[in-house]
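Trainee: Could you work out the structure for the sequence below:
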Amino acid sequence: MGKSALFSLILVFGLGNSALSQEERLYYIFDPLCGWCFGFSDEMAKVAERYGDQMEIRVLSGGMVTGDRVGPIGETSAYIKEAYKTVEEATGVEFGQAFLDHLFKDGSQIFSSLEPSIALVVMKELAPEYALDFAADLHRAIYVDGLPTTSFESYASYAVNYGLDRNEFLRKCRDPEMKRKAEVEFTLAANLGATGFPTLVYYNGRDLQVVSRGFMKAGQIAARIDALR
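Mentor: Below is the predicted model:
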């Protein structure tokens, strides 16, 4: 997709605004089911603390597990059983026992990125200032509390912590328009250059630049952003 078409996509679907060409912006492209994104949450919070008052930070879901990739965790458990330990060692996060029980003992829980991505879209509709915090909550719901990924109820208990009405949150999660917006985010994330997660993309008012792909410390990310400004 060309630059003009990409910017049109950002504008048409409400993921940007008419002042885009005059703004700095950092896109955090993640996936609720990405274990490395779970490990990256604290680093991303540090990046946001450093730059949040200097530029807009937008969170986009990448759609890692959608379509024919959706299925029981047991189908990919052999890989995850090794990968989660690598993530823990590299990042310092800990996967919760509830999730590990699904991984090692059950294997029937369905893994899908769509529903938590819809929940994030709803949060951005109702309380956009909490989008980054809620993205981290999605990881906690899945990888610490072991909640069902395909149930909006799994995410409602986190949403109310930001002052949202539980019933309104659930109603909007079931709105087909929110599903459409989540799917648009998947397309936008891919066209912003996300070939894996997490990915950070910086917009300097003229050009888009990929800052990082994969886990990276906040200090390294800051150095790259500063070099691009």
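
Trainee: What about residue 97, how many residues nearby?
Mentor: 12 (other Cβ atoms under 10 Å). C-beta here means a position set from N, CA and C on the backbone, and glycine is covered the same way.

Trainee: ok, now which ones touch it?
Mentor: By Cβ atoms under 8 Å, 6 or more residues apart in numbering, the contact list for residue 97 reads residue 146.

Trainee: repeat that with 6 Å
Mentor: Contacts here follow Cβ atoms under 6 Å, 6 or more residues apart in numbering; on that basis residue 97 touches nothing.

Trainee: Distance of it relative to residue 159?
Mentor: 24 Å (Cβ to Cβ, to the nearest Å).

Trainee: Dihedrals phi and psi, the residue at minimal distance from the centre of the chain?
Mentor: Central residue of the chain (Cα atoms, centre = their mean): residue 30, 3.5 Å from the mean position. Here is the backbone geometry of residue 30 (degrees, to the nearest 10): phi -140, psi -180.

Trainee: who's it bridged to?
Mentor: Residue 30 has the following beta-bridge partners by DSSP bridges: residue 61.

Trainee: what ranges do the helices span in the protein?
Mentor: Here the chain has its helices, by DSSP state H, at 3-12, 35-51, 77-91, 97-101, 114-126, 131-139, 153-159, 166-173, 176-191, 218-228.

Trainee: got a list of what the closest residue to residue 109 other than its chain neighbours touches?
Mentor: Nearest residue to residue 109 in three dimensions, chain neighbours excluded: residue 102, at 4.6 Å (Cβ to Cβ, 6 or more residues apart in numbering). If a contact means Cβ under 6 Å, 6+ apart, then residue 102 has 73, 109, 146 as its contacts.

Trainee: Any figure for the gap between residue 102 and residue 72?
Mentor: In terms of Cβ to Cβ, residue 102 sits 9 Å off from residue 72.

Trainee: got any residues that touch both of these two?
Mentor: Joint contacts of residue 102 and residue 72 (Cβ under 6 Å, 6+ apart) do not exist.

Trainee: low pLDDT regions in this structure?
Mentor: Scanning the chain for pLDDT under 70 picks out the ranges 1-22.

Trainee: picking that back up, got the contact list for the residue nearest to the centre of the chain?
Mentor: Counted by Cβ under 6 Å, 6+ apart, residue 30 has contacts 37, 197-198.

Trainee: do the same with residue 114
Mentor: So residue 114 contacts residue 66 (Cβ under 6 Å, 6+ apart).

Trainee: one step back: of the helices of the chain, which is nearest residue 67?
Mentor: With Cβ to Cβ, the closest approach to residue 67 among the helices of the chain belongs to helix 114-126: 9.1 Å.

Trainee: Appreciated, that's everything.
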